[in-house]
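Enquirer: Pasting the sequence and the predicted model now:
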Amino acid sequence: MPSLSSSNIANNLAQIQQNILEFCDKYHRQPQTVRLLAVSKTQSAEKIRTAFNAGQSCFGENYLQEALQKISDLDDLPIEWHFIGAIQSNKTRELAENFAWVHSVDRLKIARRLSQQRPSTLAPLNICLQVNISNESSKSGFNALDIGAGVDEIILLPNLKLRGLMAIPAPATHLTEQRTTFAKMHKLLKPLQTKYPQLDTLSMGMSGDMQAAIAEGSTIVRIGTAIFGARKPSAL
């Protein structure tokens, strides 16, 4: 018999996938164009294993040292690891060596370091450029006005595969307000896709604004608490 927590995680995943299907139908999206990234920061390796056994293969981590321990503990599973947290320059080598995706590339320097430090034995590192779409002083990221120049340079880096854009907008309660911000991201990506058709990713939307994100073109939704429950405070 699975434990209660195992059952809860499996049920939560099933409910979120059902929600994604319903939102895709409502907003005329193809369900296969929206991926669920399970945000597992501060969650145990045991819970990640439970989610994997329930069919979830992609997990997002925010804290590097915590993530590296989980990657080691779960190295028997073919998990696709995504890094979605703030990036320090002195940590780029470990990111380049251990992750399949990095969503939170917020400046050119970080992109260059990731390309230089990506092992030649691994496939190019999938990255998204983080956009400070709400112009918050507390958040890092490319300015919407500068993103084109950043893309032009980063697309040429040899060991990276630039996939698209990522954002963490300022909190908003109402669907209309949430959609307005996400629509800005979609509008930002469209001309870049015309120039670089390989840009196929909008990483945006979390537990509280997933519907709005899907309505406005998100291709990766990052869901944590709705899968695993409330997080423990991180010691990192």
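Expert: Sure, I can see it. Since the model is a prediction, treat every value here as computed from it, not as a measurement. Numbers count the residues shown, from 1 in each chain.
Enquirer: can you give me the helices for this protein?
Expert: 4-26, 45-53, 64-73, 92-98, 108-117, 147-154, 175-195, 210-215, 225-228 (DSSP state H).
Enquirer: could I get these as JSON lines with mean neighbour count and distance to Ser134?
Expert: In this view, the C-beta of every residue, glycine as well, is placed from N, C-alpha and C. Output for the helices of the chain, formatted as JSON lines (neighbours: other C-beta atoms under 10 Å; distance: least, C-beta to C-beta, whole Å):
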{"stretch": "helix 4-26", "mean neighbour count": "16", "distance to Ser134": "22"}
{"stretch": "helix 45-53", "mean neighbour count": "18", "distance to Ser134": "30"}
{"stretch": "helix 64-73", "mean neighbour count": "17", "distance to Ser134": "25"}
{"stretch": "helix 92-98", "mean neighbour count": "19", "distance to Ser134": "25"}
{"stretch": "helix 108-117", "mean neighbour count": "18", "distance to Ser134": "21"}
{"stretch": "helix 147-154", "mean neighbour count": "16", "distance to Ser134": "14"}
{"stretch": "helix 175-195", "mean neighbour count": "16", "distance to Ser134": "6"}
{"stretch": "helix 210-215", "mean neighbour count": "24", "distance to Ser134": "14"}
{"stretch": "helix 225-228", "mean neighbour count": "20", "distance to Ser134": "21"}
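Enquirer: In JSON lines, list the ones you listed along with mean pLDDT and distance to Ile84.
Expert: Listed next are the helices of the chain as JSON lines, based on pLDDT from 0 to 100; distance: least, C-beta to C-beta, whole Å:
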{"stretch": "helix 4-26", "mean pLDDT": "92", "distance to Ile84": "17"}
{"stretch": "helix 45-53", "mean pLDDT": "97", "distance to Ile84": "15"}
{"stretch": "helix 64-73", "mean pLDDT": "98", "distance to Ile84": "10"}
{"stretch": "helix 92-98", "mean pLDDT": "98", "distance to Ile84": "11"}
{"stretch": "helix 108-117", "mean pLDDT": "98", "distance to Ile84": "14"}
{"stretch": "helix 147-154", "mean pLDDT": "96", "distance to Ile84": "18"}
{"stretch": "helix 175-195", "mean pLDDT": "97", "distance to Ile84": "16"}
{"stretch": "helix 210-215", "mean pLDDT": "98", "distance to Ile84": "14"}
{"stretch": "helix 225-228", "mean pLDDT": "94", "distance to Ile84": "14"}
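Enquirer: Go through the ones you listed and name the closest to Leu165.
Expert: helix 175-195 (5.5 Å; C-beta to C-beta).
Enquirer: quick one: that closest one to helix 147-154, angle?
Expert: With axes from the mean of the first three to the mean of the last three C-alpha atoms, to 10 degrees as the basis, helix 175-195 and helix 147-154 are set at 40 degrees to each other.
Enquirer: what's in contact with helix 175-195?
Expert: Helix 175-195 has contacts (C-beta atoms under 8 Å, 6 or more residues apart in numbering) with 131, 133-134, 144, 147-148, 151, 164-165, 167, 169-170, 172, 199-200, 202, 204-205, 209, 211-213, 215-218.
Enquirer: Now, of those, which are buried?
Expert: Among the contacts of helix 175-195, those buried by neighbour count (16 or more other C-beta atoms under 10 Å) are 131, 133-134, 144, 147, 151, 164-165, 167, 169, 172, 199, 202, 204-205, 209, 211-213, 215-218.
Enquirer: In strands, which of those residues fall?
Expert: 131, 164-165, 167, 202 (DSSP state E).
Enquirer: wait, which of those is closest to Asp106?
Expert: Distance ranking of those against Asp106, using C-beta to C-beta, places Val131 first at 8.9 Å.
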